[in-house]
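Participant: next comes the sequence, and after it the predicted model I'd like to discuss.
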Amino acid sequence: MIGPDQVIAGRTDGLGGRAMAIVNGMWLADRLGAMFGFAWTASRGANPEREIPNAELVFSRDFLREHHRQAIPDSSVPVHDKGITKSWLASQSGGATHPRPLAMLVCQDVVALDGITMSAGEFRSIWKRIGWSPWLRTLEVAAQKSIPPGAVALHVRRGDIVYGEMRRGNYFDKVYPIAWLRRIAEQLAASGHSVVVFGDTATAVELVADGLPLVLAARLLPPGLTGFEASFFELAAMAACGRIVGANSVFSVLAGKLGGTGLELAEHLIPHDQRIPLALEALAARPQRYDRLAMAYEHLWLALWPRSGLTIPQRYDLLEEARSFDPDNEAIDLARAKLDLTRADYDSAEQRLASVAASWQQRGSRPGARLFPVGSAREILRHEIRNIPAGMLAERPHLLRFREELALPGDRRPKPERTSANTGLFGAPLRSEMSLTSEEELTRLIAELRPVVSPFPLVRIGPMADGGYLLPDDFKDIVGVVSGGIGNNAGFDLALARRGLPVVMTDRSILNPPVLHPRFRFIRKHIGSVDSPETVTLSGLLQNMGSSDGDLILKLDIEGAEYQALSAASVADMVRFRTIVVELHDLDKLAIAAHFGPMAAAIRKLTTNHAVVHIHPNNCAKPKAFGAISLPPVMEFTLYRRDRLADQAHWQVEFPHTLDVQNVPRKDPVLLPFCWFT
């Protein structure tokens, strides 16, 4: 298989993004047997103290001589996504005579090649191979010695996301409200922890630490150390902490990987019901030290945060407040257009996009023929704009143009290879009589399965291994459980029986359940589409529950038989289940037209009265690429009945969940592809 002859890391942002891209590039080059190189340009960000110096001041002479490139060649294949495949690389390579370099631009997390990611040991080993200058290596050692044993790092990210051009984009997973971080600082200090506060904006750090017995990382710096060297020192110091708490910024992610502790998201340390009131109260108080852009961003953040639970009118109000502090920020109009489209108010969305286009062009930011902002800003309403009915676009040119520009070069994610007319989905020869499902049909079905935020926190029922599932913590008045597929693992059933729930279990492949419980009732049959001596329908199982009243839980892990079972189920049967957990198999076959129809019909039985609240890919098999869509063959879905959801449920965008575990411990993890939740 022909691939790139060299991998070139070429980020142009801050230390964290550049360093992560270099680590990813070196690992990928090792995997592909390619040469590694990196491009490095000096720059200044929103904070002059965080400028990026020339490469000669950052790296050793030997490392520069071997790996430094003046620029990324124009012929390079850009990689923005974390998940890539060798087959896609081969399709982009340019052939053996004109191989194209690979431009490694991934920085938020480790890159995956055919579903394989670098281990923690590999990450730290590659970091040691980077030829940082002797002075930076000296600072690294000094930083590690400056941290007291067992210290907790609290990262207060602000910088260009709040004060620079990045405030016009969708970076809401990288910044948390000051009020949250302040509350966490108070909790950590009260529990006796030694807390070191890191941050890129002095005023924000002071707001978090004011009056508390905390250590400011800036005061650990050697005298006279500023700029890039100070950032490098703080990165090494954060990595030396025994625990790192913050938002999902690349700086804290990188530090967590270097130190081996990982990153603990700050929001998980604040009770769910306190998060929004805490942030709103702080904004209402309007702290004097909150400057104009800080106030604007906190309002915008709350309006767009998908797990806030705020109503659409509340979000509109927050956006109006944000506009009063930052009137020239197009992201606010994009956010308002997002809400308009959620309400199917297409005329208002058209007017707002016209305003965005005029503003963006007036600022002189329009590259080429683009009418709208590129990059992350478009992520704000990507999903909504794609799901506008075609008939609504005819007389709304800005809505139409925005959707067209999503497909132009420069979009955030690369387009995986498309299947040729002579090969099957994944490169295998294609029988001439086999037709493929259209990408439009696949996209429409996946959109129906897009997860929303559960109104109750998800809890894990069953083992911290294969056979455990995530369910909303809403078990009040549940009267029983129907469990299809037991095998040698009844941990899920046992956990629910211990909660006092009767469990009807069915599996013909075993003589008896692997464990016994007084609340178990075992039926030695497979779940199927008819009632027979060997099979039982869902309707038949419901009759075995005795009572026809009260909500139930359904679990199906029946190795592909779920499609027949669901097809035979009635709407009345499905409505009985408040929560459904089902492992769907052979999802890659959705890409084959002959399979898509019956499989999609069965899947839509699930979504008629239920919404997906969680998806977990089973790592027993690697995802398959079909056009811009990635299909993991086996995934676990949790669905929750719609009548128990808020009127305006928000999209779930955090995957994997902290309670997710790999189904097959010795195999590489499989991440949920972006197309399933964005």
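Facilitator: Okay, I see it.

Participant: mind listing the helices in the stretch 351-500 of the chain by residue range?
Facilitator: Along the stretch 351-500 of the chain, the segments classed as helices by DSSP state H, counting those that start in this stretch run 382-386, 397-405, 439-448, 491-497.

Participant: comparing the ones you listed, which comes out most buried?
Facilitator: Most buried of these, by mean neighbour count (mean count of other Cβ atoms under 10 Å): helix 491-497, with a mean of 22. Just so you know, the C-beta spots here come from the backbone N, C-alpha and C atoms, and that holds for glycine as well.

Participant: contacts made by that one with the rest, please.
Facilitator: 461-463, 465, 467-469, 481, 483, 486, 503, 505, 513, 515, 517-520, 553, 555 (Cβ atoms under 8 Å, 6 or more residues apart in numbering).

Participant: show the buried residues in these.
Facilitator: Neighbour-count burial (16 or more other Cβ atoms under 10 Å) applied to these gives 461-463, 467-469, 481, 483, 486, 503, 505, 513, 517, 519-520, 553, 555.

Participant: go through those and flag which are in strands.
Facilitator: The strands, defined by DSSP state E, take in I461, Y469, V481, S483, V503, M505, F520, I553, K555 from the buried ones among the contacts of helix 491-497.

Participant: of those, which is the nearest to T608?
Facilitator: I553 (17.8 Å; Cβ to Cβ).

Participant: who's the closest one bridged to?
Facilitator: Beta-bridge partners for I553, by DSSP bridges, are V481, T579.

Participant: need the contact list for L300.
Facilitator: Each residue near L300 by Cβ under 8 Å, 6+ apart is listed here: R167, L318, L319, A322, D326, N329, A331, I332, A335.

Participant: for the fifth one, give its distance to K145.
Facilitator: Yep, that's D326 we're talking about. To K145, D326 is 42 Å away according to Cβ to Cβ, to the nearest Å.

Participant: the two: which has the busier surroundings?
Facilitator: D326 (20 against 10; other Cβ atoms under 10 Å).

Participant: not counting sequence-adjacent ones, nearest residue to that one?
Facilitator: With sequence-adjacent residues excluded and distances taken as Cβ to Cβ, 6 or more residues apart in numbering, D326 is closest to A296, at 3.5 Å.

Participant: the helices in the stretch 51-200 of the chain, which residues?
Facilitator: Under DSSP H, counting those that start in this stretch, the stretch 51-200 of the chain gives helices at 61-67, 86-92, 120-129, 134-146, 160-163, 178-190.

Participant: for the stretch 551-678 of the chain, same thing?
Facilitator: Counting by DSSP H, counting those that start in this stretch, the stretch 551-678 of the chain has helices at residues 562-568, 571-575, 593-607.

Participant: turn the helices of the stretch 351-500 of the chain into TSV, including mean pLDDT and distance to F123.
Facilitator: Below are those laid out as TSV (pLDDT from 0 to 100; distance: least, Cβ to Cβ, whole Å):
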stretch	mean pLDDT	distance to F123
helix 382-386	71	30
helix 397-405	82	36
helix 439-448	91	32
helix 491-497	95	32
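
Participant: kindly reformat the ones you listed as CSV containing distance to T678.
Facilitator: Shown next, in CSV, are these (distance: least, Cβ to Cβ, whole Å):
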stretch, distance to T678
helix 382-386, 7
helix 397-405, 15
helix 439-448, 11
helix 491-497, 30
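
Participant: out of those helices, flag the one nearest S567.
Facilitator: helix 439-448 (15.4 Å).

Participant: show me what the closest one is packed against.
Facilitator: With contacts taken as 3 or more Cβ pairs under 8 Å, 6 or more residues apart in numbering; DSSP states H and E, helix 439-448 sits against helix 382-386, helix 593-607, strand 629-631.
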